[in-house]
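Visitor: Okay, predicted coordinates and the sequence, questions at the end:
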Amino acid sequence: MNRASEHAWLPERREPPALSPLARRLVGPGEGALLRWLEDYDLSPDGRLTAFVIREPVPGKPRPQRCIWLQETSGEGEPRPLSSAPEMGEQSCPRWSPDGRWLAFLAEWGEKEDTNTNKSRLALWVVAAEGGTPRRLCSLPGGMSDLSWSPDGQRLAFLGYEQAEPVSDPRVFGQQPERCQRLWTVYLAEGLPRAVTPEGLAIWEYCWSPDGRRFAVYFSPGPELTAWYRGQVGVVEAAGGQLRQLTTLEHQASGLTWSPDGQRIAFVVGEWSDVIRGAGDLYVVALDGGPARNLTPEAEISLAWCRWFPDGQRLLYTAWSGLGQQIGILDETSGARQVLETGLVLREGWPSLATTPDLSGLLVTRSSPEQPPDLYYVALLQDEAEGRSQGLRLAWRRLTRLNPLAEETWCLPRRQSLSYESIDGWQIEALFTPPLVARGRGAPPLVVWVHGGPTGAFLAGFESGWSLLLASAGYGVLCPNVRGSLGRGRAFAEAVVGDMGGKDLQDVLQGISALAARGLIDGERVAIVGWSYGGFMAAWAVTQTQRFRAAVMGAGICDWHGFHAQSNIPDFDQRFLRADPLTQPEVYRIRSPLTYAAQVTTPTLILHGAEDDCVPVSQAHAFYRALRERGVPTELVIYPREGHGLRELAHLRDREERLLAWLDRYLW
């Protein structure tokens, strides 16, 4: 195969757009953080009203704030903010009652408990659908989350902590009483919260049974966040009592949903890096016993969410699929899948839908390369067209337009979907973003951006982050979905387990070589950047190869022993390294970038949040000290009050300014 045909998938190089005072403008540091974002939403049972949460910057506030808005699904009228009580602060988690008469939600109330950490008391509120002043129903000292109504509309369930987070001086470990996230209910007419699950069990997800008499839960023994990795699916009576375990899973579960007859529970299973809802294979377990059954073995997609149709035979699902997501129908008996629409970008975190009880109406966010995420109402309609599976189709109606200035005035990149062969023959999917402006002659420098997780994936939707920033500054950007990513089935997603920094690094290097061979980038001027697992990959890459002229390590791991000792998720490294730190220390040492720091020559910028519980800030200090002592150009930037992800607007802007300055220094 000659070189031209070998890389025929690559796009032809285009000239950057000419800019004029009236043309679209380039985007600079910090501007992406000023967008309005949809975070949560719910659809009224009759499908007429939506409630959704918008997170947006507020003048005078260091961080974006959250507020609930309402909108008719007909598209008539403008979105309007939810009326609030005088003492109410940020709002979240809106949920319509089964009869559509009430909207329940969570909101802050009273004075801030700690102005430095922005912690406030949370309460459960209800307000009439036609409006009025919300009523505070109840609260818990330790916080609340994940509201849902009972099927009869008489009660609300939620997750929460009875005890407030302990504050002690000095800090003492190993002697604290257990503080588990438990499942609670409260009657609408009474306002007194009652615990459903016993002490000593942490509840991570739950859902009501169709008759409202029981809950399905994803639970684990003990209060620690890391216990999530060892969770199981069980059932507990809604009135409270002992929990009955249904599964003996070796991997995590998420997205619980009951069959209409109340006899089966469906959920998604996979090995996931982050304590969030994940994607993988779809399982069903019967309440009367027996092993859980995999409905999608060897699927080439990663299912994320599902709901049963009223017939109890089919499930509506969403899934990650390559560089996009899809909506489809799964037959429980045969396992056959019928795709209603693919190539979508719904939600990057978890592509869930809000639905009417009969699934005829759906609510979801959607974006495209030209449009930021907005809210859509989707009608599931009968289709007379010949050849349509199940005679169903999706009809989309856009409800919001949250960021018109970005949509109409930003100069947006032409991101290209591509695929290339890695070292063992596996095809790697990626996004390549050509620069929006030319700086000098010849092919542009390349920045490789590695996503976090590793259970994550890049999607071909609206880009408001580093790809846009870097393309606006004259860089080409490669975003590869290396092995470990969602969207290619469980075998691909779990291929990184036991091999972090192995073939996934080769997936990165092969993508660089393919772009350079086509002449789209300057293969001698390449940088690698990443956050979280991407930060680990940046640190690991500069210890394994001299290919990179610069690196940016964001919230990354350099020493797996130190990570295990100080992280709040020590189960993660044991599962993904497939090793025990005490009995197999050589595995931890071999896979740690710090072990090979003496080999580094690449200038490396290190960024980290001071209050990061997931990847402790000591990881940043250790790698910085090692590079500094070897005379490698390096800088360490610690952001106060920040955790694993930055939230303060000033810090977000500072991070992007430093990113560009570092790359400009070493790539130009």
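Guide: The structure has been received and is ready for your questions.

Visitor: now the helices for the protein?
Guide: Listed in chain order, the helices of the chain (DSSP state H) span 3-6, 404-409, 466-472, 490-493, 503-518, 533-544, 560-566, 570-577, 585-590, 618-629, 649-667.

Visitor: Save those helices as JSON lines, and put in distance to T185 too.
Guide: Where C-beta positions appear, they are placed from N, C-alpha and C, glycine not excepted. Shown next, in JSON lines, are these (distance: least, Cβ to Cβ, whole Å):
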{"stretch": "helix 3-6", "distance to T185": "61"}
{"stretch": "helix 404-409", "distance to T185": "42"}
{"stretch": "helix 466-472", "distance to T185": "43"}
{"stretch": "helix 490-493", "distance to T185": "35"}
{"stretch": "helix 503-518", "distance to T185": "44"}
{"stretch": "helix 533-544", "distance to T185": "37"}
{"stretch": "helix 560-566", "distance to T185": "37"}
{"stretch": "helix 570-577", "distance to T185": "30"}
{"stretch": "helix 585-590", "distance to T185": "44"}
{"stretch": "helix 618-629", "distance to T185": "41"}
{"stretch": "helix 649-667", "distance to T185": "38"}
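
Visitor: Deepest in the core, which of those helices is it.
Guide: Highest mean neighbour count among these (mean count of other Cβ atoms under 10 Å): helix 533-544, with a mean of 26.

Visitor: what angle do that helix and helix 618-629 make?
Guide: 30 degrees (axes from the mean of the first three to the mean of the last three Cα atoms, to 10 degrees).

Visitor: Show residues contacting helix 533-544.
Guide: Outside helix 533-544, the residues that touch it by Cβ atoms under 8 Å, 6 or more residues apart in numbering are 273, 449-454, 456, 484, 500-501, 504-505, 508, 528-530, 547-548, 551-558, 593, 595-597, 599-602, 604, 615, 623.

Visitor: can you tell me how far the residue nearest to L577 when sequence neighbours are not counted sits from H561?
Guide: Spatially, and ignoring its direct neighbours in sequence, L577 is nearest to V587 (5.6 Å; Cβ to Cβ, 6 or more residues apart in numbering). Using Cβ to Cβ, to the nearest Å, V587 is found at 10 Å from H561.

Visitor: So which of the helices of the chain is nearest G143?
Guide: Go through these one by one with Cβ to Cβ and the one that ends up closest to G143 is helix 570-577, at 23.0 Å.

Visitor: For the residue lying closest to G487 once chain neighbours are set aside, the count of nearby residues, please.
Guide: Nearest residue to G487, sequence neighbours excluded (Cβ to Cβ, 6+ apart): W320, at 3.9 Å. A count of nearby residues for W320, using other Cβ atoms under 10 Å, gives 28.

Visitor: Can you name the residues bridging to W320?
Guide: Beta-bridge pairing of W320 under DSSP bridges involves S302, Q325.

Visitor: Please verify my assumption that it contacts A304.
Guide: Yes. At 6.3 Å, W320 counts as touching A304 under the criterion of Cβ atoms under 8 Å.

Visitor: intersection of neighbour lists for the two?
Guide: A279, P351.

Visitor: Can you flag the buried ones in the contacts of helix 533-544?
Guide: Neighbour counting by 16 or more other Cβ atoms under 10 Å classes 273, 449-454, 456, 484, 500-501, 504-505, 508, 528-530, 547-548, 551-558, 593, 595-597, 600, 602, 604, 615, 623 among the contacts of helix 533-544 as buried.

Visitor: Sitting in strands, which of the residues you listed do you find?
Guide: Counting by DSSP state E, those place W449, V450, I528, V529, G530, A551, V552, M553, G554, T604 in strands.

Visitor: follow-up on the earlier one: got the contact list for the residue nearest to L577?
Guide: L577, R578, A579.

Visitor: which one of the helices of the chain lies closest to R439?
Guide: helix 649-667 (9.3 Å).

Visitor: what distance separates the closest one from the middle of the whole chain?
Guide: 24 Å (Cα atoms, centre = their mean, to the nearest Å).

Visitor: Just the mean pLDDT for it, thanks.
Guide: For helix 649-667, mean pLDDT rounds to 98.

Visitor: Also stretch 236-246?
Guide: Throughout stretch 236-246, pLDDT has a mean value of 97.

Visitor: same thing with stretch 414-429?
Guide: Mean pLDDT, computed over stretch 414-429, is 94.

Visitor: Please point out which parts of it sit buried.
Guide: Neighbour-count burial for stretch 414-429 [16+ other Cβ under 10 Å]: R415, Q416, S417, L418, Y420, S422, W426, I428, E429.

Visitor: ok, and what's touching it?
Guide: Stretch 414-429 has contacts (Cβ under 8 Å, 6+ apart) with 7, 9-11, 14, 322-323, 369, 430-434, 460, 463, 467, 480-483, 487-488, 492, 503, 506-507, 510-511, 514.

Visitor: right, and R591 touches G501 too?
Guide: Yes. The pair R591 / G501 is scored as a contact, 5.9 Å apart, by Cβ under 8 Å.

Visitor: Using PDB, write out the CA atom coordinates for stretch 420-432.
Guide: Output in PDB follows, covering the C-alpha atoms of stretch 420-432 (Å, rounded to 0.1, in the frame of the first residue of the first chain):
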ATOM      1  CA  TYR A 420      -6.100   4.900  12.000                       C
ATOM      2  CA  GLU A 421      -4.400   1.600  12.700                       C
ATOM      3  CA  SER A 422      -2.500   1.100  16.000                       C
ATOM      4  CA  ILE A 423       0.400  -1.300  16.700                       C
ATOM      5  CA  ASP A 424      -1.700  -4.400  17.100                       C
ATOM      6  CA  GLY A 425      -4.100  -3.800  14.200                       C
ATOM      7  CA  TRP A 426      -6.800  -2.200  16.300                       C
ATOM      8  CA  GLN A 427      -8.500   0.800  14.700                       C
ATOM      9  CA  ILE A 428      -8.300   4.000  16.800                       C
ATOM     10  CA  GLU A 429     -10.900   6.700  16.300                       C
ATOM     11  CA  ALA A 430     -10.000  10.300  16.900                       C
ATOM     12  CA  LEU A 431     -10.900  13.900  16.200                       C
ATOM     13  CA  PHE A 432      -8.400  16.200  14.400                       C
END
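
Visitor: Let the chain start at 291 from now.
Guide: Sure, I'll start numbering at 291, so the last one becomes stretch 710-722.

Visitor: May I have stretch 816-827 as PDB, with CA atoms only?
Guide: In PDB, the C-alpha atoms belonging to stretch 816-827 read as follows (Å, rounded to 0.1, in the frame of the first residue of the first chain):
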ATOM      1  CA  VAL A 816       4.500  18.100  19.100                       C
ATOM      2  CA  ALA A 817       3.200  18.600  22.700                       C
ATOM      3  CA  ILE A 818       1.000  16.400  24.900                       C
ATOM      4  CA  VAL A 819      -1.500  17.700  27.400                       C
ATOM      5  CA  GLY A 820      -4.100  16.100  29.700                       C
ATOM      6  CA  TRP A 821      -6.100  16.300  32.900                       C
ATOM      7  CA  SER A 822      -6.600  13.400  35.400                       C
ATOM      8  CA  TYR A 823      -5.800  10.200  33.600                       C
ATOM      9  CA  GLY A 824      -4.700  12.400  30.700                       C
ATOM     10  CA  GLY A 825      -2.300  14.100  33.200                       C
ATOM     11  CA  PHE A 826      -0.900  10.700  34.000                       C
ATOM     12  CA  MET A 827      -0.500   9.900  30.300                       C
END
